[in-house]
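> Quick one, structure for this:
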Amino acid sequence: MELPPQIQAQLMQLQQLQQQLQMILMQKQSVEAELKESKKALEELEKSASDEVYKLVGGLFVKRKKDDVKKELEEKVETLELRVKTLEKQEEKLQSRLKELQEKLQKMIPAAQ
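You can find the predicted model right below:
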């Protein structure tokens, strides 16, 4: 049995939304991992008694002022937290659209048979 074109189009849209959601979830996971790593680095920086620390730049360790590195890390954490919130909002919107579309399809498919 072949599905009507309208239902096929809705199913295609459903698949696209699922793919978009998958991409958002992967991005969120990656940003959360980077955020966790940055927070851990900030914690370790706080433990250092020295005024100078080494920062990995490219493949080299470069001696830098602790306060400068701390400020950079704090800004990075702030940016990453904002990015996570943005991705969470996108995830919620996609989840909502997916749910609506699934409900719509569930009503359309029995009517087409």
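
> hey, where'd the strands end up in the chain?
52-57, 60-65 (DSSP state E).

> show me what contacts the residue most central in space within the chain?
By Cα atoms, centre = their mean, the mean C-alpha position of the chain lies nearest to Lys28, the distance being 1.7 Å. Remark: with contacts taken as Cβ atoms under 8 Å, 6 or more residues apart in numbering, Lys28 is in contact with 84, 87-88, 91. All C-beta spots, glycine's among them, are computed from the backbone N, C-alpha and C.

> These, buried ones only, as a PyMOL selection?
Buried members of the contacts of Lys28, defined by 16 or more other Cβ atoms under 10 Å, are picked up in PyMOL with:
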select buried, resi 84+87+91
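
> Where helices are concerned, which of the contacts of Lys28 count?
Members of those lying in helices (criterion: DSSP state H): 84, 87-88, 91.

> Skipping adjacent residues, who's closest to Leu42 in space?
Leu73 (4.7 Å; Cβ to Cβ, 6 or more residues apart in numbering).
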